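1. predicted model follows, preceded by the sequence.
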Amino acid sequence: MSGGGSLAEWLVSALIVLGGSFALIGSWGLVRLPSLMERLHGPTKATTLGLGAMLVASVAWFHLVDGQWTTHEMLISVFLFVTAPISANLIAKVHLHRLRHGEAAEPVGPAGTPAPPSSGIDWATHEAPHEGTPGDLVGD
Amino acid sequence: MAYPLTLLMLVALPFVAALAIALLHNAARAVHSGIAAGASALGLVLLALLAGPVLGGAVPSASWSWVPALGLDLTLMVDPLGLMFAGLILGIGLLVVIFGHFYLYTGEATGRFFASLMLFQGAMLGIVIAGNVLLLLVFWELTSLSSFLLIGFWQHKAEARQGARMALAVTGGGGLALIGGMVLLGVVAGSFDLATILERGDIVRASPLYPAALGLILLGCFTKSAQFPFHFWLPHAMAAPTPVSAYLHSATMVKAGVFLLARLWPVLAGTELYTGIVSSVGLVTMVFGAGVALFRHDLKSILAYSTISQLGLLVMLLGFSLEAAALAAVFHILNHAAFKAALFMSAGIVEHETGTRDIRRLGGLAKAMPITALVATLAAASMAGLPPLGGFISKEMMLYETPEVVLFGLPWLVPVLATVGATFSVGYSLRLAWHLFFGRPREVEPFKRAHDPGFGMWAAPALLTVLAVLLGLIPMTLAAPMVGAVTGAVIGAPAPEFDLALWHGVNLALILSAIAVAGGVLLLWRHAGLLALWERAPLPDAKRIFTRTMGFADKWVRKALVATHTPSLQNMLLASFAVIAALVIEGAMTGGGVLTGSRPGLPASIPAIVAWTLLIAATAAVVNDSRNRFRVLIYISVIGLVVSLAFAQLSAPDLALTQISVEVVTILLLLLALNLLPKSPPLLSSAPRKWRDGALAISGGVLVGGLAWAMLTRDPGPSIAAYHLANAKSGGGGTNVVNVILVDFRAFDTLGEIIVLGIAGLGIFALLETTAVGEAGRRLRGWRSDMSHSPERHPIMLVMASRIILPLTLTVGIYLFLRGHNQPGGGFIAALVVAVAFLVQYLAAGFDWSDKRRRFGEHRLIAWGVLVAMATGLGSLAFGANFLTSTFEYFSLPLIGKFELASAMAFDTGVFLTVFGAVMLALAQLSHIAQRAARAATSQEDTAL
Amino acid sequence: MTFADHLPILPIVIPALAAPCALLVMRRRRGLGIAISLVSCLAMLAAALALMARVQDGTILAYAVGEWPAPFGIVLVADRLAAMMLVLAATLALIALLHAVVTGADRKGWHFHPLFQFQLMGLNGAFLTGDLFNLFVFFEVLLIASYGLMLHGQGPARLKAGVQYVVVNLVGSSVFLIALGLLYALTGTLNMADMGLRVAQIAPAEQGLLRIAALLLVSVFALKAAVAPLHLWLMRTYAVSTPAVAALFAIMTKVGVYSLIRVVPQVFGDGAGAAAWVPAPYLLPAAMVSAVIGFAGVFVARSMSEQAAYAVIGSTGTLLIAVAGWTPDSLGAGLYYLAHSTLAAAALFLVADVAARRRGGFGDKASPGPGFAQRSAVGLLFMLAAIAATGLPPLSGFIGKLLILKSVAALPDWGWAWGVILTTTFIGVIGFARVGSAVFWKRADAVEATASAASRADIAAPIIALALLAALSAGAGWASAYANAAAQQVLNPTASASAVLEEGVR
Amino acid sequence: MTRLLPHPGLSALLVAMWMVMVNDLTFGTLFLGLVVGIGVPLFTAPWWPGRPHVRFLPATAYVGMVLWDIIIANFQVAAIILFKPNRDLRPAWLTIPLELTTPEAITVFAGTISLTPGTVSADISACGNYLLVHALHAPDPQAEIAKVTARYEARLLRIFV
Amino acid sequence: MTYEFLMASAIGVLVAGGVYLALRARTFQVVLGLTLISYAVHLFLFASGRLVLDRPPIWDAVQGGALAEYTDPLPQALVLTAIVITFGMTAFVVILALRSFLETGSDHVDGDTVPCDSQDGMADGDAQP
Amino acid sequence: MIETALGFGFAALGLALAMNLWRLFKGPGVADRILALDTMVINVIGIIVLAGIAGGEGTSFEAALLLAMVGFVGTVAYAKFLLRGDIIE
């Protein structure tokens, strides 16, 4: 793999390093942050900027090596952008659910347990979405 | 008429008759007995046709090839010996049929009776005129089987069933020994043709295998002929209807052993071994049987033991290896057949008319039933060997020979014991006649009933008795020619000079028999006292021993089998793993070679090492808390992740893709199943078992790991893969060699593979289809989840995302499918991706919602997938090419440009459809029952509230 | 390329087409599905017979699937042995199918016929293929189909047994794959004939691996053939299966035996160094043990189906005693006995079913039950089946055993073999006599005959099976000659190798 | 037209995606892409009942802005993870009142919040009027809420009409 | 640390774990064991083509058709087939385990000994109309 | 130049994976484990991409793409299971 123009090579290297370090930081956050909700923030880095950088690097690199634009890496980021929030959301829901049911294994974080949005109404994890509200999606 | 046809008919007749009777089993008794009698009579006629030439010295024979590879030919031959026995079988058979016709009670299965009887007759005939020892074996075993049916005729009687089983066990078992012996004999003699074997006696006797063969054959003969200690089946065979007993124990079944001894006389007789064994066994049996007979009270039982004794006599005579003794044996066979059959029939008459066979309850019947009395008494006298009857002559001849033989170096042994035996037989014969017909009736009831039967019933015994008498009065005219010829056939040489007569002047034999008669009378006189003695003596009951051994064997074999064979998966797997591990070790030991090869290793990158750590750790975790099932699934998917990474790293992109997509589907499946399984079941295995399994597991791991290591560190030899690489593009029209192999070089494998998946889908469907009903249904209805549930079914973000994800994923699927032939991808992966895409819908929006929108029937998908794949394969036949021959072509359209169409693509479509169908079928079905279960649970909760 | 040249593929194509068609029509038009199934079986039989006629003169048909030359593509090899197995399978299939249809066993769940056809496809494929990995694939096809069939009708007993059956076979498949991996790594080929040639050039340093691979492969076949101590899975599986299915399964163990006979001489023959005749030291003892265990089971069995299942093990053992000799005579005898024992086992299962259907709640338990329709007729059938299974005259078992005894007599430890064969036969006779007299003679007068409305036609299938046994005995001359010829062909791998490897160059 | 293109935006996206994936720019590819882009939405139409109306220009602008925010926020959060000890960390639950009503819009909003590091949208209220967001470090929750609402929700209101 | 060592040891560990779990008494554990074993087996079969980095068997005009230029494609094809088949089998055995648990109420691998309703499975009314 | 960058990248990702593993085992909550798995998948994608760059092979892209999709599905399934027990209802 004979590197092409040195500047581009520099760029690619930088991107790779950036990506790597962000992935690392994400996972580090996963390790050190106090409770699940905080840790949840870590991986979003790894997904977004970390991988994003590496993918860009890859695009650039293949342009460098065999001079053609291999754009398809971007698809991966698209997918991740679509899916990452969902994963996070569901994991958070699991956390809330288990908090509510007092699972010993789910410690409460420094933020405490979330208060209900307003009197008489609870979060969807604990109370089935009401008829006709956006959250009620069965059978539409 | 030509011999072959005659012989064939002779053998075939009884079988045909049996078949006919069986087919007409609903017809009247007369029909059955008529057919049977007709067959026997016709057989006699045929035999008569043969008699002239045979006695004239000819040996009519015919042979048809049956199993050349085995030397088993359908050879039939009639020599004097065969002729005599055939005569007995058919003649007495005829009489027995007539007798049986009147004997059987109304409402009994006469069809079955006469069919079995004819079957038996055929088998016996086969034995005596078989010209090939293997053929003889066939008929030999047939007699055991058919006698099993006859003895067990009265199925409702326990003793009948036991007797039948015992007879089968003993004679059949002996038959097996005989099989061994005969095959050995044939191997030694170099032929299975009887005539040939008879000529090669010297070779046989010289062979080292002679003792083995002799032993096995004798075993066969002795069991059949109820020689001590195999005699015990015979008395119990008396549970059969009397006609059967009359047939089996006078002329046929038990005589088969004697016949075989006589038949093989030239081959086997003459050696120390032979004489020693056979004559001593015969002697013992004779004395023993006679002794026991003295103290029996059941009429038939007395006759049974007398039969044993008489057979002992015959066997002994044949065992002497003396020509004159053989002659005596031949003559006695005739006598015995006559008087024993007569006696059995008389016994049958007595039982029939008085309702009992217990000699202690009867007596003085001479007044009530004079004819029967006359018949039976004369027959008994012949059995006792009183002049002027046939029995006398043959006994004389026997006693005359005894001094010639020296057993165990004791010259007096044989004569003395023989005389003792003779004495006993006189004793029981006289007792039989006396206690039955003379003196005062002991009990009133049977006597009142007693009267002579109709002519039809006493005709047969009467005829036989007449025969027995004439054999004594005019032996030379009646029997001499036959006896001479037969003896010649037995000894395989011209018979010695002989003179059958009542009076040979005063000689040792005469004295001995006089002693015997006197002793017999004495025994009868003193019988009561002796009986008391006898009954006080502790005597083993053969039957109880037999049944006990059977029960014992059954109990313990059963125990052993149950202990080892209770269907326990753990045992099965343990056995399998242990065996396989042992074999691997053995292979390594014997095969030799080195563990580590010369191939240079690839230095591992950091991520590789980390990934490896992940895998090890995850595996350990899986094993460690395999009972926390949810966590285990997470660990499993870590392993899957690492494996796919490994594939991706080690330049196997297709595998990586496959692994990844299979992984997720598997996880979904497991999650669905886990929902209904206990989440964390209690511990089951005991500590020692765990250690044992652990040891086995570790050794297994080491072995397989070692194998992998040994394999990986060696350089590959020339592989057929080179061809695949070279021809992928040119011949297969694709650059992704793996895919080309899958859809072209080895498309046949892929065809099988998709079929496996399809079948799995069907099987799963069939399994789950029935879940709602039956026990499972009840359980599901009673099912309640063991975890708390969030009320929200369809989280909004998930649903919304799934709607955009579906088209995106489908597009990716299409992409992977289309490019599969040239780049990583292909029908299978595409199918899984698309399946996952739809499963996301199910996950997000629920089963009903998504299933309503489903536009494909999984079963049809599977079926059409297989059909498409098959059609692609068969298409090539149309072009005269072999099955699954692929073709591809490059087209170019304006604007669109150059593109390729390959038949492999069509095949891949089939793959796609089947896989997609199967996966959807499995998961949809499973989720569906899960859903039903959940519904059942909730509905129950509602009712509970 | 005339149509006749495609003969070898037909036995696989026919069921592979019939199955999906049956699947498509089954739900709506059951009758049509049954028709498809039957026609396909008949067609299979016809194809198999045609194939047999074709190869009877000793020609070996090699059919390159996809027209890729021999070692590189997959080749089907049709020789006498393969043809014989095909005919056997088709015949058995017809009988089993007939019984299933007559007794309505196929009406419990509508997957019976598709699964049945797929099963046959797997069997035929396994008999025909000349490629080791392809053999694996067809093993899997017939296995997964057999799972489905074995569970057909379901019920707790079947489900429990099913779990064990499936798991054990999955382990077997894994071992198979490991063996395949090793063999490919060593020889670089998958074609049996080619492999047979290449094992000769394996370096001494690799001999250990070669032997291990061979042993693994053989042990897999042994597992399929239910040779002790790898037989534990069989009893319950067969005993609980729907009898029609069990009858078909009679040939499943024979697939293992077949593979053994096919692979060992072809691949691990004289030239195979450390792996030459690899099962030699173990096969005979194992076979004897299985024979003893099998007939001991027959002796103590408590139900007719259990007894039949044990009889299968016993017969396989007997058969392998002959095979273990690896001489043309003994192998020929073994092949003849193989055909016989397959049909005999099927007959046993079918008769057991016929009795069970008539005895209502008593099933086929070896305990006195009520009198029932056609008692003595069914009893006669059972007696004949038992005669066949134990190897008494006049049915073919007797000839088979005589052949084995005679051929084995020439081998070193013939004494043992003889002892085992004769003793086991003896035990078997007693066992069958006991069960038979308990079921068909003894009558529990307490209970009155439960008039089960069993169709009387269901004795047709067993009668056919027994008739075939009689025919096999009558035609023993031809059959044994064919078997011997097949054995000679199998034991002469070079001929087949040349026939295969010179096949169709594209 | 609507029957042929249930989701024109989606179709456009798919075509683009196809071109990107196959990554070459021949007409053949485009043709195939069009086939896919039209075919797939047609096939999947039943699974996406509603037809959200999206204004494309603001949407693209929005995407660009979010990307930029992501990059910036990433660095901020990275700094927090690396240098801020747990005791100084002020995580908080934010309850954000929603003006958006369509599920699509809410989803996009929540997604944006999650994507921009430092905040993760955890749940929606049963009545659908509130969003539960967790902030990694929000000394002043109200300010955070206001910022998020102003910066993203306002724009989304203009995109989904 | 070579890839060969990693691969071999990983296979060994997987087999060990698999065998151990397969010998346990619960269907679920057994299924897990089989899964582990199948991973090992697939890796083993794959390894029979030896380990090669960055030379996927994608034919290209530059390198031509020489085997040395690529990794051995055949084992990959075999493994792919094996994976598919194993997937089918695993799915089946999972459902079977579940089904027998539902039917008998116990997920222990060993049920009772040979039952006598072995005739038609009519013991339960599961007959499909 | 690029090699060193790649080396760093690999090292970083490897380390990240190790950390995920720690979290995976440590828990404490099930949610943590799922999260750890999710992150793991993403890091593995990163490794694959980097490997693609290092090997100069375009073929690793599909694997990464598929992982991205599949990792998501896995996470969702796990979460759904914990929330509802029945992942497809």
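-> Structure's in. What do you need?
2. contacting residues around the residue in the stretch 351-500 of chain B that chain E sits nearest to?
-> For the stretch 351-500 of chain B and chain E, the shortest gap (Cβ to the nearest Cβ) falls at B:R357, measuring 40.8 Å. C-beta here means a position set from N, CA and C on the backbone, and glycine is covered the same way. Counting by Cβ atoms under 8 Å, 6 or more residues apart in numbering or on different chains, B:R357 makes contact with B:298-300, B:347, B:350-351.
3. from these, which ones fall inside helices?
-> Taking DSSP state H, the ones among the contacts of B:R357 that sit in helices are B:299-300, B:347, B:350-351.
4. of the residues you listed, which is the nearest to chain E?
-> Closest to chain E, out of all of the ones in helices among the contacts of B:R357 and judged by Cβ to the nearest Cβ, is B:K300, at 39.6 Å.
5. grab the nearest non-local neighbour of the closest one.
-> Distances taken as Cβ to Cβ, 6 or more residues apart in numbering or on different chains place B:M238 nearest to B:K300, at 4.3 Å, with adjacent residues excluded.
6. do the same with A:M54
-> Excluding the flanking residues, the one nearest A:M54 by Cβ to Cβ, 6+ apart is A:G19, at 3.7 Å.
7. for the one you found, give me its contacts.
-> Applying Cβ under 8 Å, 6+ apart to A:G19 gives the contacts A:49-54, A:57, F:9, F:46.
8. and it, what helix or strand is that in?
-> helix A:6-32 (DSSP states H and E).
9. buried residues in that helix, which are they?
-> Buried residues in helix A:6-32, counted by 16 or more other Cβ atoms under 10 Å in any protein chain shown: A:9, A:11-13, A:15-31.
10. next one: the residue of the stretch 351-500 of chain B closest to chain E from B:I302, what distance?
-> 9 Å (Cβ to Cβ, to the nearest Å).
11. where does the residue of chain F found nearest chain C land in three-state SS?
-> Nearest to chain C, among the residues of chain F, is F:D86, at 22.4 Å (Cβ to the nearest Cβ). Judged by DSSP: H, G, I helix; E, B strand; the rest coil, the three-state class of F:D86 is coil.
12. what's the closest non-adjacent residue to the residue of chain E at minimum distance from chain B?
-> For chain E, the residue closest to chain B is E:G12, as judged by Cβ to the nearest Cβ, at 2.3 Å. Distances taken as Cβ to Cβ, 6+ apart put B:G705 closest to E:G12, at 2.3 Å, once the chain neighbours are dropped.
13. just give me the residue closest to the centre of chain E.
-> Chain E has E:S38 as the residue nearest its centroid, 2.9 Å off, counting by Cα atoms, centre = their mean.
14. pretty sure that one is in contact with E:T86, am I right?
-> Yes. E:S38 lies in contact with E:T86 (Cβ atoms under 8 Å); the separation is 4.5 Å.
15. neighbours of B:K157, how many?
-> B:K157 is flanked by 15 other residues according to other Cβ atoms under 10 Å in any protein chain shown.
16. contacting residues around it?
-> B:A239.
17. redo that, cut-off 10 Å
-> Counting by Cβ atoms under 10 Å, 6 or more residues apart in numbering or on different chains, B:K157 touches B:163-164, B:239-240, C:441.
18. how confident was the prediction at it?
-> Looking at B:K157, its pLDDT is 86.
19. that one and chain F, how far apart?
-> B:K157 sits 64 Å away from chain F, going by Cβ to the nearest Cβ, to the nearest Å.
20. cool, and C:V267?
-> Counting by Cβ to the nearest Cβ - C:V267 and chain F are separated by 35 Å.
21. you'd agree that residue is up against C:I202?
-> No. Counting by Cβ atoms under 10 Å, C:V267 sits too far from C:I202 to count as a contact (11.7 Å).
22. do stretch B:802-820 and chain A meet?
-> Yes. Counting by Cβ under 10 Å from any Cβ of the partner chain, chain A has neighbours in stretch B:802-820: B:802, B:804-805, B:808-809, B:811-812, B:815.
23. count of neighbours near whichever residue of the stretch 151-300 of chain B sits closest to chain D?
-> With Cβ to the nearest Cβ, the shortest gap between the stretch 151-300 of chain B and chain D falls at B:Q155, namely 70.5 Å. Using other Cβ under 10 Å, B:Q155 has 20 other residues around it.
24. which secondary structure element contains it?
-> Using DSSP H and E, B:Q155 sits within no helix or strand.
25. distance of it from chain E?
-> To chain E, B:Q155 is 23 Å away according to Cβ to the nearest Cβ.
26. OK, contacts around that residue?
-> B:109, B:112, B:149, B:161, B:164, C:375-376, C:379, C:437, C:440-443.
27. thinking B:L816 is in contact with B:N822, fair?
-> No. Taking contacts as Cβ under 10 Å, B:L816 lies outside contact range of B:N822: 11.7 Å.
28. looking at these two now, which is surrounded by more residues?
-> B:L816 (27 against 19).
29. and that one, that one's in a strand?
-> No. B:L816: not assigned to a strand; according to three-state DSSP it is helix.
30. chain neighbours aside, what residue packs nearest to it?
-> B:L816 sits nearest to B:G825 (Cβ to Cβ, 6+ apart), 3.7 Å away.
31. so what does the one you found look like in phi/psi?
-> Backbone torsions for B:G825, taken as degrees, to the nearest 10, come to phi 140, psi -150.
32. so how far is B:I814 from it?
-> B:G825 is 10 Å from B:I814, by Cβ to Cβ.
33. and the two most separated of the contacts of B:K157?
-> Using Cβ to Cβ, the pair of these lying farthest apart is B:A240 and C:W441, separated by 13.7 Å.
34. and for the two, which residues touch both?
-> Common neighbours of B:A240 and C:W441, using Cβ under 10 Å, 6+ apart, are B:152, B:154, B:157, B:160, B:164.
35. the second one - how many residues pack around it?
-> So that's B:W154. Around B:W154 there are 18 residues (other Cβ under 10 Å).
36. in contact with residue 94, which residues?
-> In the absence of a named chain, this looks at chain A. A:36, A:103, A:106, A:125, B:790, F:29-32, F:34-35, F:75, F:78-83 are the contacts of A:V94 under Cβ under 10 Å, 6+ apart.
37. my question was about chain E
-> Contacts of E:V94 were listed using Cβ under 10 Å, 6+ apart, and they are B:666, B:669-670, B:672-674, B:677, B:764, B:922, B:926, E:27-28, E:31, E:34-35.
38. isn't B:A86 right up against B:P60?
-> No. Counting by Cβ under 10 Å, B:P60 is not a contact partner of B:A86; they are 11.7 Å apart.
39. neighbour count for these two, which is higher?
-> Using other Cβ under 10 Å as the criterion, B:A86 and B:P60 rank with B:A86 on top: 25 against 20.
40. great, nothing more from me.
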